[in-house]
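A.B. asks: here is a sequence together with a model predicted from it:
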Amino acid sequence: MTDKEFFKKIANGKEDFLQEFVDILKKGKFSFCVIGGLGVNAYAEPVVSLDLDVVIVSAKFNDLLPRLKKKFKLEEFANSINVAVKGSALRIQIQTDPRYQDFIKRAKVKNVLGYKLSVAAIEDIFQGKVWAAMDETRRPSKRQKDLADILRLIEVKDDLKNSLPEELKEQLKFS
């Protein structure tokens, strides 16, 4: 079983929702990059996640959203747009927080569970995880996952811990 077949199987999809989503982005020439846990997987030992977090160039949102609405269910929130399709456990979250826009410029194509996707640079994914871990509006369980992802990235690139805020260094016992 290939990585792609495995991911499709755990997402429980009859169709390849992720590939359909990526095809819309590529066909429309929408610049994007993967961030979040699946982005971490591109650099560290993979951990199964059914959340795909992406950043899409914001200047083209008005062109993209109608295309997505034709095929998928969209739900808009303050800093994200969630994309879903019936029958799949995969959840795609488009991050709309403007702090993430520069990540697209530094992204490189990497293998993410069998898919060739544009992935944010390791330093950018790390920064996003730091922002998420420090966001007190997030559920505690999500913040704990963010801390675990930060540790996974530090295991791959030790000097990342130098850019950790003191608050997180204390939580992670890096004092």
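C.D. replies: On my side now, so go ahead. Nothing here was measured: the structure is a model prediction, and the numbers come from that model.
A.B. asks: ok, and what's touching the lowest-mean-pLDDT helix or strand in the chain?
C.D. replies: When each helix and strand of the chain is scored by mean pLDDT, DSSP states H and E, helix 3-10 comes last, with a mean of 71. With Cβ atoms under 8 Å, 6 or more residues apart in numbering as the contact definition, helix 3-10 has outside contacts at Met1, Asp16, Leu18, Val48, Leu50, Ala89, Asn111, Leu113, Gly114, Tyr115. All C-beta spots, glycine's among them, are computed from the backbone N, C-alpha and C.
A.B. asks: model confidence over whatever helix or strand comes next after it, on average?
C.D. replies: For helix 3-10, the following helix or strand on the C-terminal side (DSSP states H and E) is helix 17-27. For helix 17-27, mean pLDDT rounds to 94.
A.B. asks: list the buried ones in helix 17-27?
C.D. replies: Buried residues in helix 17-27, defined by neighbour count with 16 or more other Cβ atoms under 10 Å: Phe17, Leu18, Phe21, Val22, Ile24, Leu25.
A.B. asks: which residues sit in contact with the third one?
C.D. replies: By Cβ under 8 Å, 6+ apart, the contact list for Phe21 reads Leu52, Leu68, Phe72, Val83, Ile92.
A.B. asks: apply 10 Å and report the result again.
C.D. replies: Phe21 sits next to Phe32, Leu52, Val54, Leu68, Lys71, Phe72, Val83, Val85, Leu90, Ile92, Ile94 when contact means Cβ atoms under 10 Å, 6 or more residues apart in numbering.
A.B. asks: got phi/psi on the third one?
C.D. replies: The reference is to Val54. Here is the backbone geometry of Val54 (degrees, to the nearest 10): phi -130, psi 150.
A.B. asks: pairing partners for it in the sheet, please.
C.D. replies: Val34, Ile94 (DSSP bridges).
A.B. asks: going forward, begin numbering at 57 instead of 1
C.D. replies: Yep, numbering from 57; the last one is Val110 now.
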